[in-house]
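In: missing the sequence, but the structure's below:
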């Protein structure tokens with residue numbers, strides 16, 4: 001019995017690390033010119049639920065001479081065992097050390113995963129800082145939503161991918177293959193890589209600061225572009241979709257086929273980063289989606305398929321798509337789930353059709369309790385929309401509904417907070433009046449998250465509520481919830497505070513991240529491992545104030561840390577939307593009227609699907 005096998009007998013869920021899953025890709029190591037460790041800085045169950053990881057895994061492995069393997073962050077018990085045994089972090093497929101790969105790529109979708117990324121580098125026996133890794137291999141790259149402000153972690157990565165990775169990753173791998181063949185050095189490679197659209201090389205940019213701590217200037221060097229424009233897949237209809245996907249050997253969070261319906265969002269919610277950085281809208285045809293969904297289900301044996309997008313009910317041909325899938329799914333007892341439903345276009349007819357096999361709960365996100373605040377954030381959903389949708393659902397036999405709200409939104413007052421409880425009570429009253437089946441009772445779950453101002457949104461300049469203020473508002477709302485039929489859940493404000501500091505942080509934050517890891521930080525996205533005091537101590541030791549990043553309102557003329565990144569949406573548009581939020585004015589969705597945000601410029605003269 002080897003060392004790893006003995007370790008796996010002592011940890012929770014050894015299947016997280018053992019590999020051997022159906023559809024995993026094993027290649028001849030000797031014939032692989034470029035080996036890639038695709039790293040997800042969270043545990044197996046989360047990473048294996050991520051569609052982006054599946055797309056990149058399949059896309060890269062389809063390249064001749066390239067072998068892409070998976071690496072996930074180990075849970076604490078496995079982390080401890082690896083360190084005690086002196087074993088490095090390894091890839092699942094080959095069990096080779098991550099340090100032996102040519103390219104180490106991290107997918108970063110959540111700021112609290114930064115410490116997991118550093119811990120994975122540490123477990124691999126690699127220096128954390130890119131400056132201390134002078135050789136071409138291993139090259140550390142990062143992609144995902146967090147790279148739209150990569151500044152807090154740029155000291156640790158060599159390259160950031162801005163935007164969608166399918167095409168740009170392949171181009172970068174080809175350049176790396178060429179560099180490896182001709183013996184190119186790392187510095188020369190990075191200068192060449194910076195010329196690829198969507199590639200950001202942090203070491204080619206110098207940042208200077210004013211005495212008050214704000215940024216004075218960002219200057220490109222060695223021919224790097226002044227602005228890095230995000231990369232998008234323009235022909236989404238024919239882009240790669242993983243019809244053959246790895247079937248996990250242990251239960252994961254989303255254990256089903258995920259069918260990506262479209263990218264982008266026609267809405268313009270002013271708090272939503274994804275809705276802005278994923279523009280413009282590009283969808284697949286119903287015919288293509290039906291074919292892909294059936295192929296993926298037939299290969300995997302899953303009993304559920306979910307239709308994924310930022311707002312699935314906005315897909316124009318949703319009924320046709322569901323009918324086409326149901327024709328194949330219903331006889332096989334396979335269910336279809338529709339997340340991301342909106343209260344203003346909910347269709348009971350559609351829900352009854354798709355949930356013939358298995359009925360699930362309904363989830364809606366009004367985001368704010370009062371109409372005034374919903375208008376300020378441009379949610380474009382009314383109280384009547386919410387109540388009418390709930391009435392239709394209750395009349396149709398549903399007895400459970402989840403309502404998601406955001407607390408701490410710009411201009412929010414205590415009356416807005418109490419309005420969440422008032423709206424929840426009206427939903428309960430709607431059930432009492434209209435429910436078709438009252439014998440089972442009703443379950444109304446109200447959840448509030450903490451508003452975090454994110455880059456590339458109209459609210460990127462706004463101040464965030466302090467943790468103390470969030471806790472006061474949470475208590476205010478909890479006190480206003482009087483019915484036992486309504487359950488109230490809320491998000492930890494301390495975690496959100498650190499998330500905000502990281503989301504709007506600059507390059508000086510790298511020292512804080514390094515210090516947190518030195519003090520034991522590793523899986524800060526998990527409450528079991530998050531320590532507020534550890535973060536505060538790290539900030540203090542580095543001479544930085546988290547309030548400066550999280551709680552401070554930015555001046556509209558201030559140079560922001562992410563100013564060199566162009567997500568396609570113009571600053572003028574974001575400023576206009578910010579002004580309209582203060583006036584309580586709404587902006588129509590893209591389908592009703594183009595707002596001229598600028599994202600169409602990414603389509604090379606083409607048009608978005610709206």
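Out: Good, I have the coordinates. Fair warning: this is a prediction, and the values are worked out from it, not measured in the lab.
In: going forward, measure contacts and count neighbours with C-alpha atoms only.
Out: Fine.
In: so what strands line up beside the strand or helix carrying residue 35?
Out: Using DSSP states H and E, residue 35 maps to strand 34-40. Taking DSSP bridges as the criterion, strand 34-40 forms sheet pairs with strand 66-72 (parallel), strand 103-107 (parallel).
In: give the rounded mean pLDDT of the helix or strand just after it.
Out: Later in the chain than strand 34-40, the nearest helix or strand by DSSP H and E is helix 44-47. Averaged over helix 44-47, pLDDT sits at 97.
In: run through who's touching the following helix or strand past helix 44-47.
Out: Going down the chain from helix 44-47, the next helix or strand is helix 51-61, by DSSP H and E. Residues from elsewhere that reach helix 51-61 (C-alpha atoms under 8 Å, 6 or more residues apart in numbering): 25, 38, 40, 47-48, 66-70, 107, 165-166, 169-170, 240-242, 245-246, 258.
In: pick the most buried one from the strands paired with strand 34-40.
Out: strand 66-72 (a mean of 26; mean count of other C-alpha atoms under 10 Å).
In: that one to helix 51-61, inter-axis angle?
Out: Between strand 66-72 and helix 51-61, the angle comes out at 150 degrees (axes from the mean of the first three to the mean of the last three C-alpha atoms, to 10 degrees).
In: which secondary structure elements does the next helix or strand after strand 66-72 sit against?
Out: Going down the chain from strand 66-72, the next helix or strand is helix 76-85, by DSSP H and E. Contact analysis of helix 76-85 by 3 or more C-alpha pairs under 8 Å, 6 or more residues apart in numbering; DSSP states H and E lists helix 3-8, helix 114-123 as its packing neighbours.
In: nearest to residue 515, of the ones you listed?
Out: With C-alpha to C-alpha as the criterion, residue 515 lies closest to helix 114-123 of the helices and strands packed on helix 76-85, at 10.0 Å.
In: chain center to the closest one: distance?
Out: In terms of C-alpha atoms, centre = their mean, to the nearest Å, the centre of helix 114-123 is set 18 Å apart from its chain centre.
In: circling back: what's the strand holding residue 35 in contact with?
Out: 47, 53, 57, 65-73, 91, 98, 101-108, 117, 173, 176-177.
In: okay, now residue 387: neighbour count?
Out: When neighbours are defined as other C-alpha atoms under 10 Å, residue 387 has 20 of them.
In: ok, back up a step: what mean pLDDT does the strand holding residue 35 have?
Out: The model assigns strand 34-40 a mean pLDDT of 98.
In: and the angle for that strand with helix 114-123?
Out: Going by the same axes, to 10 degrees, strand 34-40 makes 140 degrees with helix 114-123.
In: ok, back up a step: would CSV of the strands paired with strand 34-40 with distance to residue 462 and mean pLDDT be doable?
Out: Below are the strands paired with strand 34-40 laid out as CSV (distance: least, C-alpha to C-alpha, whole Å; pLDDT from 0 to 100):
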stretch, distance to residue 462, mean pLDDT
strand 66-72, 34, 98
strand 103-107, 27, 98
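In: can I get these in TSV with distance to residue 586?
Out: Output for the strands paired with strand 34-40, formatted as TSV (distance: least, C-alpha to C-alpha, whole Å):
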stretch	distance to residue 586
strand 66-72	42
strand 103-107	34
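In: right, and these - which one's nearest residue 511?
Out: Of all the strands paired with strand 34-40, strand 103-107 comes closest under C-alpha to C-alpha, at 19.4 Å.
In: can you list contacts of that closest one?
Out: For strand 103-107, with C-alpha under 8 Å, 6+ apart as the criterion, the contacting residues are 34-41, 53, 98, 117, 137-144.
In: next one: stretch 364-376
Out: 340-343, 379-383, 386, 401-407, 411-412, 416-423, 580-586.
In: now swap in stretch 287-302 and tell me
Out: 237, 241-245, 247, 255-257, 259, 261, 303, 305, 321, 324-325, 328, 334.
In: go through stretch 334-349 and flag the buried ones.
Out: 334-344, 346-347 (16 or more other C-alpha atoms under 10 Å).
In: about what we covered before: select only the buried ones of the contacts of stretch 364-376 in PyMOL?
Out: This is the PyMOL syntax for the buried subset of the contacts of stretch 364-376, where burial follows 16+ other C-alpha under 10 Å:
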select buried, resi 340+341+342+343+379+380+381+382+383+386+401+402+403+404+405+406+407+416+417+418+419+420+421+422+423+580+581+584+586
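In: which ones among the contacts of stretch 364-376 map onto strands?
Out: Among the contacts of stretch 364-376, the ones falling in strands (DSSP state E) are 401-407.
In: count of neighbours near residue 484?
Out: 10.
In: so what pLDDT did it get?
Out: With respect to pLDDT, residue 484 has a value of 93.
In: where does it land in three-state SS?
Out: Secondary structure, DSSP: H, G, I helix; E, B strand; the rest coil: residue 484 is coil.
In: could you measure from it over to residue 391?
Out: The gap separating residue 484 from residue 391 is 20 Å, by C-alpha to C-alpha, to the nearest Å.
In: sorry, back to before: is it possible to get CSV of the helices and strands packed on helix 76-85 that adds mean neighbour count and mean pLDDT?
Out: What follows is those, written out as CSV (neighbours: other C-alpha atoms under 10 Å; pLDDT from 0 to 100):
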stretch, mean neighbour count, mean pLDDT
helix 3-8, 13, 92
helix 114-123, 24, 98
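In: how about the strands in the stretch 151-300 of the chain?
Out: 159-161, 199-200, 205-209, 215-220, 228-229, 257-260, 262-263, 282-283 (DSSP state E, counting those that start in this stretch).
In: pLDDT weak spots in the protein?
Out: Low-confidence segments of the chain, defined by pLDDT under 70, are located at 1, 340, 354-360, 605-607, 610.
In: do you know how far residue 523 is from residue 379?
Out: For residue 523 relative to residue 379 (C-alpha to C-alpha), the value is 33 Å.
In: before we move on, what about residue 59?
Out: Applying C-alpha to C-alpha to residue 59 and residue 379 gives a distance of 36 Å.
In: please apply the same query to residue 343.
Out: 11 Å.
In: next one: residue 496
Out: Distance of residue 496 to residue 379, given as C-alpha to C-alpha: 22 Å.
In: ok, residue 161 - contacts?
Out: 141-144, 147, 168-169, 198-200.
In: just list whatever residues bridge to it.
Out: residue 199.
In: can you name the residues that contact the nearest residue to residue 203 once chain neighbours are set aside?
Out: The shortest distance from residue 203 to any non-neighbouring residue, by C-alpha to C-alpha, 6 or more residues apart in numbering, is to residue 158 (7.4 Å). Residues near residue 158 by C-alpha under 8 Å, 6+ apart: 130, 139-141, 190, 201-203.
In: same thing with residue 144?
Out: With contact taken as C-alpha under 8 Å, 6+ apart, residue 144 is in contact with 107-109, 161-164.
In: ok, of those residues, which come out buried?
Out: By 16+ other C-alpha under 10 Å, those give 107-108, 161-164 as buried.
In: before we move on, back to that, filter the contacts of stretch 287-302 down to the ones in helices?
Out: 321, 324-325, 328 (DSSP state H).
In: among those, who's most crowded?
Out: Within the ones in helices among the contacts of stretch 287-302, residue 325 tops the neighbour count with 24 neighbours, counted by other C-alpha under 10 Å.
In: what is the longest helix along the chain packed up against?
Out: Selection of the longest helix in the chain by residue count, based on DSSP H, yields helix 414-434. Applying 3+ C-alpha pairs under 8 Å, 6+ apart, one finds that helix 414-434 contacts helix 383-395, strand 443-450, helix 467-480.
In: what does that helix contact?
Out: 368-370, 373, 383, 387, 390-391, 394-395, 399, 405, 407, 438, 442, 444, 446, 473, 476-477, 480-481, 483, 485-486.
In: quick one on the thing from earlier: of the buried residues of stretch 334-349, which pair is most distant in space?
Out: Pairwise over these, using C-alpha to C-alpha, the maximum falls at 334 and 344, 27.6 Å.
In: from residue 402, how far out is residue 485?
Out: According to C-alpha to C-alpha, residue 485 and residue 402 sit 12 Å apart.
In: ignore what I typed, I meant residue 130.
Out: In terms of C-alpha to C-alpha, residue 130 sits 44 Å off from residue 402.
In: sweet, I'm off.
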